[in-house]
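Colleague: for reference, the sequence and a predicted model appear below.
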Amino acid sequence: MNSVLITGANRSIGLELVKEFSKKGLFVYLGTRDLEKGQAVVKELNKSGFENIKAIQIDVTKPDTILAAKNIVESEKGKLDILINNAGISGEFPQSALDTSIKDIQNVFDTNFFGVISVTQAFLELLKKSETPRISNITSGLGSLTLHSDPAWKYYNFKAASYVTSKAALNAYTITLAYELRDLPFKVNAIDPGYTATDFNHHSGPGSVESAAAFIIKHTFTNEDAPTGQFYSNDIEDATGISPW
């Protein structure tokens, strides 16, 4: 049975991903900072018929929890097939480039950027043991430098010195990671689930968690001929879903 680890998976899009991967027959590690809360979520999921799900404590900003999670997956499965770097924070608003403190910017980067790198590097050894390793970095359309430079873009006026820059950095890391793994059977992509109604944005987004999760899975659960090093967005109307960087 293939396995997947989803960080930040105890609510919103992460939780919906847990459900959908469970339906597809994968063993799902529900990554959560608070293990008791995660276990409570799993209990409720089991009552609803979802199987092969285990809550695993992982705080992407704390290396000791990342290593402990890696050791659990290694001892139980010996490998990891899919890593979904979903954990993220928005930071405090407003986020002006002129006066947002370095501390506030670093706080967002610790989760959205450095946390992804820490988790990815820790689990890379287990992913290399999979025949079809996949890494999906959950990003945002707001991380597109091309779109942010276009006054005609519908979100052009939404600038955020912490969040937007962290996602742009994540996109750049995704390109580098995909390149370095290009000779292995990895597929590494940045995936934007679109502007989705979640706790993250006080449910202001027009998209549903179901649509967001389906889009992420579509571009994660791919065959050997699928692209790697791409930036997909659920807000892009083009059939390919490919977003400009």
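Modeller: That came in fine, so what should we check first? Because the structure is a prediction, the values reported are computed rather than measured.
Colleague: work out for me the element residue 213 sits within.
Modeller: helix 209-218 (DSSP states H and E).
Colleague: other residues contacting that helix?
Modeller: 12-13, 15-17, 19-21, 24, 84, 136, 138, 191, 193-194, 196-198, 232, 234, 241 (Cβ atoms under 8 Å, 6 or more residues apart in numbering). The C-beta positions use only the backbone N, C-alpha and C, and glycine is treated the same way.
Colleague: mind listing which of the residues you listed are in strands?
Modeller: Among the contacts of helix 209-218, the members falling in strands (DSSP state E) are 84, 136, 138, 191, 232.
Colleague: quick check, central residue of this protein?
Modeller: residue 86 (2.5 Å; Cα atoms, centre = their mean).
Colleague: weed out the non-buried ones from the contacts of helix 209-218.
Modeller: 12-13, 15-17, 19-21, 84, 136, 138, 191, 193-194, 196-198, 232, 234, 241 (16 or more other Cβ atoms under 10 Å).
Colleague: show me what the longest helix belonging to the chain is packed against.
Modeller: When the chain is parsed with DSSP state H, its longest helix is helix 163-180. Helices and strands touching helix 163-180, by 3 or more Cβ pairs under 8 Å, 6 or more residues apart in numbering; DSSP states H and E, are helix 102-109, helix 115-127, strand 134-138, strand 187-192.
Colleague: strand partners (parallel or antiparallel) of the last one?
Modeller: In the sheet, strand 187-192 lines up against strand 134-138 (parallel), strand 231-233 (parallel) (DSSP bridges).
Colleague: relative to helix 209-218, how tilted is it?
Modeller: Using axes from the mean of the first three to the mean of the last three Cα atoms, to 10 degrees, the direction of strand 187-192 lies 160 degrees away from that of helix 209-218.
Colleague: would you put the C-alpha positions of strand 187-192 in CSV?
Modeller: The C-alpha trace of strand 187-192 is given here as CSV (Å, rounded to 0.1, in the frame of the first residue of the first chain):
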residue,chain,number,x,y,z
LYS,A,187,7.6,14.5,-10.0
VAL,A,188,8.1,17.8,-8.0
ASN,A,189,5.5,20.6,-8.6
ALA,A,190,4.2,23.7,-7.0
ILE,A,191,0.4,23.5,-6.8
ASP,A,192,-1.9,26.4,-6.1
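Colleague: can you list contacts of it?
Modeller: With Cβ under 8 Å, 6+ apart, strand 187-192 has contacts from 133-141, 143, 170-171, 174, 177-178, 181, 215-216, 219-220, 222, 226-235, 243.
Colleague: where does residue 92 land in three-state SS?
Modeller: Counting by DSSP: H, G, I helix; E, B strand; the rest coil, the backbone at residue 92 sits in coil.
Colleague: so it sits against residue 104, correct?
Modeller: Yes: under the criterion of Cβ atoms under 8 Å, residue 92 makes contact with residue 104 at 6.0 Å.
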